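Chemist: Just need the structure, nothing else, for what follows:
(chains A and B, ligands or ions: 6)
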Amino acid sequence: MASQKRISKELADCSASPPAGMSITLASDSDVHKWHITLDGPVGSAYAGGRFGLIVSLPTDYPFKPPVVTFATRIYHPNVTNDATGAICLGLLKPEQWKPSTRVQSVLEAVRALLVEPNPDDPLESRIADEYRANRAEFNRNARAYVNKYATGPVTFSSAAAAGSAAGSGSGSGDATGGKAQGS
Amino acid sequence: MSSTAATSNKRIIASAGPEAAPPTPVTTASNGMDSEDDFMSAVSSGDDIQDDSDNDDMSGADDDFDFDDEPDPDLGIHKDIMQRKKVAYDISFKVYEPADIQKQQDVLIDEVNMILDISKEEAAILLRYFRWNKERLIEDYMDKPRQVLEAAGLAQVSASPPKLEVIPGFMCDICCEDEEGLQTFAIKCGHRYCADCYRHYLSQKIKEEGEAARIQCPADGCNLIIDARSLDLLVTPELRTRYHELLNRTYVEDKDQLKWCPAPDCQNAIECQVKKKDLDKVVPTVSCLCSHRFCFGCILNDHQPAPCELVKRWLKKCADDSETANWISANTKECPKCNSTIEKNGGCNHMTCRKCKHEFCWMCMGLWSEHGTSWYNCNRFEEKSGTEARDAQAKSRVSLERYLHYYNRYANHEQSARLDKDIYHKTEKKMVQLQRDSKMSWIEVQYLNSASQALQTCRQTLMWTYAFAFYLARNNQTEMFEDNQKDLEMAVESLSEMFEKPVAELQDPKLKVEIMDKTSYCNKRRVILLDDTAQNLAEGKGDRNLLALAL
Ligand SMILES: [Zn+2]
Ligand SMILES: [Zn+2]
Ligand SMILES: [Zn+2]
Ligand SMILES: [Zn+2]
Ligand SMILES: [Zn+2]
Ligand SMILES: [Zn+2]
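Modeler: Ligands and ions are numbered 1, 2, ... in the order given. So this is what the prediction gives:
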């Protein structure tokens, strides 16, 4: 399968020189289609000091179909659903915008950029987007409160942990990705 | 009359076959006005004044308007209809077949190709980018060609035709394949990928995403659009056909005055100049060569005389009131005594079985004699006791009864219209049978076809008059509307009755004349109703009282 070769190469490249503030592992050694990413909240953003789990699922038709990327850690952000799903709204992941030459590395960098600069014009959580626009101080306070509550312990990639009240209560290996990650 | 029916009129023959031209084209024939032609036109369809689809010129029509309300048994009626030239609800339109649509695009592409001195592929891409607005494209291009090309995804320029190439030491960035002799492809930007990946990419875009006009180079961040020649080189003939179909569709979809005929398997498009802002005043009914009649404004089946917005509201109300609709769906019940089917008509719950004369309550199916004089005594409604509840109930029941009044009639005609489709096929059989049993020719039995068409069209109109009436504020015009409605309904029901008579009776020449007369009378009543309603809508009457409730 063509995608195997591509994925192996990407994985090798990505592990050798991961994007800034990230580390990459496979969810299970036998499956190159599911990646676990640990992402440090970018310095200077409301998420600084937090550690976030990201799950990247590569569809069988990858790279012709876009990867599905979700937050495994709860995060307060206009472009991420404020629930255990952690779906992300990212233009380049939309099927009609996705290009097969785009690499996971670029996707991860785009996610990181989204933490530095949220995009309130294309929100998944319109209330948070409104707050981000109208009351930045309040938004920052809330975002940091979420960081303190969910993103300070060791990162877990189970949806149960993400849904739970505190990080670090990891149990099993729930699947938070599913097919729901395509946002607005 | 018999000479009329025997006239070998081309138009009639055309509208009789299954591949018929629309049953409508008539107006343009009005200059002739010889009595036979005139009559045939009037009865050949339930829709006499629609413009001929491939002739938008109405100037040939007679301007005289000597309308005469007396139903002239001979030709007067038909002549009158014909001469109500530019009726208020009439709308002109054209039908284009796939070849026409292709040709129009080719003409525009050729023009741009010549004027701007760019290749046809580029002209096509630019035109699609400018939504086929040739004037704006040329103006913008003359002004700042570079920006225009860039915006449309045509930045780089190269003259050589697209071809597959083998590049030594090449590795495909999509699949990471690097074996020797790999076929590769790139469009002008030079972003090169293996042919397999290119094909996979294109087939996914075309097949799964239905994209054609805006498929970009697969490279990250490159917005160069893949041209038709490159695509033709890469994909299978089947995909190529689909691609060109989709490209063709953008031409129609990008233009506000063009719409696809929504009939399944119909590939024609209709052009109509109606303005969106006028949709509260006119119902732009058009009819395709495939004989499908629909509203150009909202693509739904013909809904004259109700304006699109009213139709939308009505349909939404019907959907929202699904609970009510469920209630209505139990609109026919069996007589508790003899089990014959009884249809509830109107709001009265005191039912009397036509067959056995059994009297019962529609609500509870109990004996009517046990209910006293008022149906409000029905136990089922007494259950929730307390005056307050009863008042609220009575109130909502009044509005429900009102809605049901219109809904039942609407639904009834809708159902009949559906049955009319079956009737149409039965009609064909009848016509064959009639030819065999009598000495009538195929042409001579066409009056049944005309009757069937009149029934269908008039029922469709009647159905929407009830939705219309539901939103109608009560005033002088309402009465006129309801009178028109009643006249048409009575005419339709009596035509329907004659039409359903067995073949043996249909052989009676007297009945034939009656059916022909009734057919044209129905058509006439429909025209009058639509015309009066359309005039009121168009005039708006300042305070818009006609649709005060709805709009
Ligand atoms: Zn490839
Ligand atoms: Zn390119
Ligand atoms: Zn059609
Ligand atoms: Zn409409
Ligand atoms: Zn009975
Ligand atoms: Zn009762």
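Chemist: What helices and strands are in contact with the helix or strand hosting A:Arg144?
Modeler: In the assignment (DSSP states H and E), A:Arg144 maps to helix A:136-150. Identification of packing neighbours for helix A:136-150 by 3 or more CB pairs under 8 Å, 6 or more residues apart in numbering or on different chains; DSSP states H and E yields helix A:126-134. Yep, even glycine has a C-beta here, placed from its N, CA and C like the rest.
Chemist: do you know how far whichever residue of chain A sits closest to ligand 3 is from B:Glu135?
Modeler: Here chain A gets closest to ligand 3 at one residue, A:Glu96, 29.6 Å apart by CB to the ion. A:Glu96 sits 29 Å away from B:Glu135, going by CB to CB, to the nearest Å.
Chemist: shouldn't B:Phe296 be in contact with B:Val286?
Modeler: Yes - under the criterion of CB atoms under 8 Å, B:Phe296 makes contact with B:Val286 at 4.9 Å.
Chemist: Those two - which one has more neighbours?
Modeler: Ranked by neighbour count (other CB atoms under 10 Å in any protein chain shown), B:Phe296 and B:Val286 place B:Val286 first, with 27 against 22.
Chemist: any weak-confidence spans in chain A?
Modeler: For chain A, the stretches flagged by pLDDT under 70 are A:1-2, A:159-184.
Chemist: quick one: buried residues of stretch B:409-427?
Modeler: Using 16 or more other CB atoms under 10 Å in any protein chain shown as the test for burial, stretch B:409-427 gives B:Arg409, B:Tyr410, B:Ala411, B:Asn412, B:His413, B:Glu414, B:Ser416, B:Ala417, B:Asp420, B:Ile423, B:Lys426, B:Thr427.
Chemist: Got the phi and psi for the fourth one?
Modeler: Read it as B:Asn412. The main-chain torsion angles of B:Asn412 are listed as degrees, to the nearest 10 and equal phi -60, psi -50.
Chemist: pLDDT at it, what is it?
Modeler: We have a pLDDT of 81 for B:Asn412.
Chemist: what does the last one give?
Modeler: With respect to pLDDT, B:Thr427 scores 72.
Chemist: Does the spatially closest residue to it that is not a sequence neighbour lie in a helix or a strand, and which?
Modeler: Residue nearest to B:Thr427 in three dimensions, not counting chain neighbours: B:Ser452, with 4.5 Å by CB to CB, 6 or more residues apart in numbering or on different chains. Using DSSP H and E, B:Ser452 maps to helix B:446-470.
Chemist: Could you measure from the closest residue to A:Val104 other than its chain neighbours over to ligand 4?
Modeler: Sequence neighbours aside, A:Glu10 is the residue nearest to A:Val104 in space, at 5.5 Å (criterion: CB to CB, 6+ apart). Distance of A:Glu10 to ligand 4, computed by CB to the ion, to the nearest Å: 52 Å.
Chemist: On the three-state scheme, A:Lys34 is what?
Modeler: Classification of A:Lys34 using DSSP: H, G, I helix; E, B strand; the rest coil returns strand.
Chemist: go on, B:Cys222?
Modeler: Following three-state DSSP, B:Cys222 is assigned to coil.
Chemist: ok, it to B:Gln104 distance?
Modeler: B:Cys222 is 31 Å from B:Gln104, by CB to CB.
Chemist: Excluding chain neighbours, what is closest to B:Asp121?
Modeler: If you look again at residue B:121, you'll see it is Glu, not Asp. B:Asp227 (4.1 Å).
Chemist: my guess is that neighbour meets B:Ile125, correct?
Modeler: Yes - using CB under 8 Å, B:Asp227 makes contact with B:Ile125 at a distance of 6.2 Å.
Chemist: coming back round to it: give me the phi and psi angles of the residue nearest to B:Glu121.
Modeler: Dihedral angles for B:Asp227 - degrees, to the nearest 10 - are phi -80, psi 170.
Chemist: ok now do it, which residues does it touch?
Modeler: B:Glu121, B:Glu122, B:Ala124, B:Ile125, B:Pro162, B:Ile187 (CB atoms under 8 Å, 6 or more residues apart in numbering or on different chains).
Chemist: quick one: which of the residues you listed is nearest chain A?
Modeler: B:Ile187 (13.4 Å; CB to the nearest CB).
Chemist: Please name the residues that touch the closest one.
Modeler: Counting by CB under 8 Å, 6+ apart, B:Ile187 touches B:Pro162, B:Cys217, B:Leu224, B:Ile226, B:Asp227, B:Ser230.
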